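Asks: next comes the sequence, and after it the predicted model I'd like to discuss.
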Amino acid sequence: MSASIDFLLGPAWPWVRVLLFLGGTAAFAGLNAAYLVWCERKIAAYVQRRPGPMEVGPQGLIQPIADAVKLLCKQLLTPPAVDTILYRIAPVAMIIPALMCFVVLPYGDALMPTRIDLGLLVVFAFSAINVISLMLAGWSSNNKYAIISSARVVSQNVAYEIPMLLTIVTLILVTGTTELGTIVGQQGGWFWNWNILRGIWTLANPLVPVSFLIFFICMLAETNRAPFDLAEAESELVAGSFTEYSSMGFGLFFMAEYVNIVVGCSLATVLFLGGWHTGLGNLLDFLPAWASALVGLGAFFVKLYALIFVVMWIRWTFPRTQFYGLLNLSWKILIPVALFTLLLSSVLVKLPNLF
Amino acid sequence: MGYFSEIYHGAKSLVIGMRISLDQFLKNFRGDYNTPYPHKTLPIPERYRGHIIFTNDEAGKSLCIACKSCEKACPSDCIFVDGLKKEGEKKKSATQFDLDFTKCSLCGACVEICPTDALTFSKRYNLASTSKVVYAKIDLIKDLENRMQKK
Amino acid sequence: MLLLNKQEALARVASHNVGGPNETFVLNLGPQHPATHGVLRLKLTMDGEFIRKAECVVGYIHRMHEKMGENRTCAQFLPNTSRLDYLSAMQYTHAWCGAVERATKLEVPQRAEYIRVVTSELNRIASHLVGWGAWVMDLGGLTPILYAFDDREKILDLLEGICGARLTFCYYRFGGVVNDIDDAFIQGTKAFVPYMRERLKMYRAFVTDNVILRKRLEGIGIIDQDMCRRYGACGPVIRGSGIANDTRKTEPYSVYQDFDFEIPVYDQCDSMARYLVRMDEMEQSLRIIEQALAKLPEGPFINPKVPKFLKVPAGDTTYATEAGRGRFMVRLVTDGTDTPYRVKLRTPCLANLSLAEEVCEGMMLADAIAFLGSLDLVIPDIDR
């Protein structure tokens, strides 16, 4: 018995680690997709002054499982006029890149699946694929509503990639690296070391909170969340790109949307809010390693779910923007401001070298 | 300059909106405003219009004299009355009073026109059934008998 | 702002269409659609995101109310009036009762008139709340409709306390109302007025001032005064285009001349103007209710001499009221028998909808949805 544990923890450890991370990621993504739906429904209900799901289980906690079982039991219908291969690829092409982004996201000192030097770029590369999959879904459905919706999605996502990447470049000027684990490592100590505040007092970039705001808005647009959810404008286009999908095809799109939100908010936490650092300096240094890892994970989750709460809160407060309003916001407001912060940051970073 | 003031006022309106919805969110945590129907029900007002039922006198009999005014007054032809004058009574009484509730529009014409105030609205609102016949032919005479027996 | 006016949009659409009519496709905003507020079918010939031609197909809920008017006595037609525009049921019943009272020269006691005004104005607020909530829901804001329905529940509870029904009130009769209002109603309504004022302030901060909503509505769906005149539009549609026409002021009926209230008029002619007209109308309705409850006279609630079977003499009478959506007119042609010869119901929504075919040309789909919401249509009102 102990021989096999020695084997697992010794020579076979890399493989065991891979399996654990795979299982953990799948479990985390699945649980989040299911229970974020519950959170969304409860938050929506409380904002709208009603109780939300209450019947299925205490406070409706078993509701997502009931919904999943319902989706599984539905007929997996492929309408006759669709493009057979693309129709089936689209939901899969949406969930796979979303899950792949978890490869580089660090949840703790020891909880990083891998350290890739260009970790940040990996995340953006994968999240760009969801545009293609939405387009495929709309196109292959052979449905007018779906085509209108996918046309809107493409211009929206392209327009909002640009300010997001500009703010990331601004941040990289401050951090000097794109490796996510190192970025979080630089934010240790007290909470004013977090990137969102560090730029201000080190004078490397006093407009970092603005950058964070721009990043957050772009993240809302990339994941097609309200007020930028033209793609699935329920009251105009029935269900947009997903009109022709039933059962698990629809379920995969739904899951992918929530996984994208988790990835986006995790990225925001890692880049701007200090990742797993509690921000309490060396107050908690007395804890043993396993306890401080747990505390770090807890701090990460607190920040992550606070951001997700804000994402959901925004959805239930505002109406939808019009298409040209959305593009105007991106091209006329976000990009100029992002460019300005980039210029300012680059000037200020190089300034000490001149003296 | 208008560019910046537009951004500022726009952002301010968004923040105010978010504060209001957060306000409502927190209010819902502190108190429950909703009645969790069907676990709890709200009281039915006095003048609520359920389907019509017979009123009764002290002896527990209906006051209907089968004059057919309600049948004539109904806009939807949902009442059928038949009656005859029994031995030893001064006026006719109803032998059959059927209400077709699937056509009734709850206007109250029958209740108002009845010369003896024999009809009134019930308070029944939980009317789900698996067969149409239950509400296509509501027998008011039998319903009065059932209610008197329950007492 | 990329806001094409109609000429530019049509020119751009025409310039795309070099290949001929094959470049457009027909989108059916079909009878079953979350945003058409009832069973309205819109056949949109679209070029990408722009509408080239809009065709309204109505008649999916035609229930032949006018024919029913010919086969029923005047008293038996009362439930029908509540079902035409179910959101302004009191005002439509008011028009019918007013027409019959005018034809038979029946007098209505002052207390009954005041009760009718109070209930009609409460119904107007409830109707505007639904129109507003559903419109903002079409635009994507899924929360305000629930706040609106919360307020509407209070109104419906008040009205249920006096007449027993929540939507299809059959509360008015010829010569007055069915039964008197009780103390609970008066106290409840007096408490409701300041509560509703606070809520209207909250709606202003939450929705009206919101920059996203403003960008969605400003400049969309311009209806100029000439177009209003050509199509016979009425209600908030023309009051948002600068024409100060409200039946309560131009053809005063009942006791509206005793009250001091204003007609909100805006002259920007766009959807935002119509939105603001409706919000201000709710405020003015609250003023009327306050004044009516303060001056409520004592007396009978129905004319004591009204006969059980009212015979309407031969003649031709009209009566118009200001319903939530515009001017509702009843024309009653009787020939001395107990059923009328012809009942003509001139409803506001049909004239308002007919504008849409002209205005929607060259618009984008989402703007067309916002514009349709600004007309505040209730389809059973169109089809009768």
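Replies: Done, it's in.

Asks: residues in contact with the closest residue to chain B within the stretch 201-350 of chain A?
Replies: Proximity of the stretch 201-350 of chain A to chain B (Cβ to the nearest Cβ) peaks at residue A:317, 4.3 Å away. Quick note: C-beta positions are derived from backbone N, CA and C, even for glycine. Counting by Cβ atoms under 8 Å, 6 or more residues apart in numbering or on different chains, residue A:317 makes contact with A:47, B:17-18, B:20-21, C:141, C:143.

Asks: of those residues, which one scores lowest on pLDDT?
Replies: Of all the contacts of residue A:317, residue C:141 has the smallest pLDDT value, namely 86.

Asks: neighbours of it, just the number please.
Replies: 26 (other Cβ atoms under 10 Å in any protein chain shown).

Asks: residues of the worst-scoring helix or strand of chain B on mean pLDDT that come out buried?
Replies: Among the helices and strands of chain B, helix B:133-136 carries the lowest confidence by mean pLDDT, DSSP states H and E, at a mean of 84. Going by neighbour count (16 or more other Cβ atoms under 10 Å in any protein chain shown), the buried part of helix B:133-136 is residue B:135.

Asks: just the closest of the contacts of residue A:317 to residue A:138, please.
Replies: residue C:141 (24.8 Å; Cβ to Cβ).

Asks: mind checking how far the most centrally placed residue in chain B is from chain A?
Replies: Taking Cα atoms, centre = their mean, the centroid of chain B lies closest to residue B:50, which sits 2.5 Å from it. For residue B:50, the distance to chain A (Cβ to the nearest Cβ, to the nearest Å) stands at 27 Å.

Asks: tell me the contacts of that residue?
Replies: Per Cβ under 8 Å, 6+ apart, neighbours of residue B:50: B:121-125.

Asks: just the pLDDT for it.
Replies: Confidence score, pLDDT, at residue B:50: 88.

Asks: does residue A:137 touch residue A:150 like I think?
Replies: Yes. With contact defined as Cβ atoms under 8 Å, residue A:137 reaches residue A:150; the gap is 6.9 Å.

Asks: tell me where the stretch 251-384 of chain C has helices.
Replies: C:271-294, C:348-359, C:365-375, C:379-383 (DSSP state H, counting those that start in this stretch).

Asks: brain fart, chain A
Replies: A:2-9, A:13-47, A:63-73, A:84-100, A:119-140, A:144-175, A:180-185, A:195-201, A:208-222, A:234-237, A:247-272, A:289-315, A:323-328, A:335-354 (DSSP state H).

Asks: and the residue in chain C that chain A sits nearest to, how many neighbours?
Replies: Closest contact between chain C and chain A, by Cβ to the nearest Cβ, is at residue C:140 (2.8 Å). For residue C:140, the tally of surrounding residues (other Cβ under 10 Å) stands at 26.

Asks: just the one 3 residues further on next, same as before
Replies: Each residue near residue C:143 was counted by other Cβ under 10 Å, and the total is 25.

Asks: so what's it up against?
Replies: A:47-48, A:316-317, B:21.

Asks: not counting sequence-adjacent ones, nearest residue to the residue of the stretch 1-150 of chain A found nearest chain C?
Replies: Nearest residue of the stretch 1-150 of chain A to chain C (Cβ to the nearest Cβ) works out as residue A:48 at 4.1 Å. In this structure, residue A:48 finds its nearest non-sequential neighbour in residue C:146, 4.1 Å apart by Cβ to Cβ, 6 or more residues apart in numbering or on different chains.

Asks: residue B:44 too?
Replies: Taking Cβ to Cβ, 6+ apart, and ignoring the residues beside it in sequence, residue B:44 has residue B:123 as its nearest neighbour in space, at 4.8 Å.

Asks: equivalent analysis for residue C:342, please.
Replies: Closest to residue C:342 by Cβ to Cβ, 6+ apart is residue C:333, at 4.2 Å.

Asks: tell me which residues touch the one you found, please.
Replies: C:315-316, C:340-344.

Asks: using JSON lines, lay out those residues together with neighbour count.
Replies: JSON lines is the format used below for these (neighbours: other Cβ atoms under 10 Å in any protein chain shown):
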{"residue": "C:315", "neighbour count": "13"}
{"residue": "C:316", "neighbour count": "11"}
{"residue": "C:340", "neighbour count": "25"}
{"residue": "C:341", "neighbour count": "14"}
{"residue": "C:342", "neighbour count": "14"}
{"residue": "C:343", "neighbour count": "24"}
{"residue": "C:344", "neighbour count": "13"}
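
Asks: just the ones of the residues you listed in strands?
Replies: The members of the contacts of residue C:333 that map onto strands under DSSP state E are C:315-316, C:342-344.

Asks: just those residues now: which is nearest chain B?
Replies: Among these, and counting by Cβ to the nearest Cβ, the member closest to chain B is residue C:343, at 13.4 Å.

Asks: list the contacts of the closest residue to that closest one other than its chain neighbours.
Replies: Excluding the flanking residues, the one nearest residue C:343 by Cβ to Cβ, 6+ apart is residue C:69, at 3.0 Å. Contact analysis of residue C:69 by Cβ under 8 Å, 6+ apart lists C:77, C:80, C:340, C:342-343, C:345.

Asks: mind checking which helix or strand residue C:69 is in?
Replies: Counting by DSSP states H and E, the element that carries residue C:69 is helix C:65-71.
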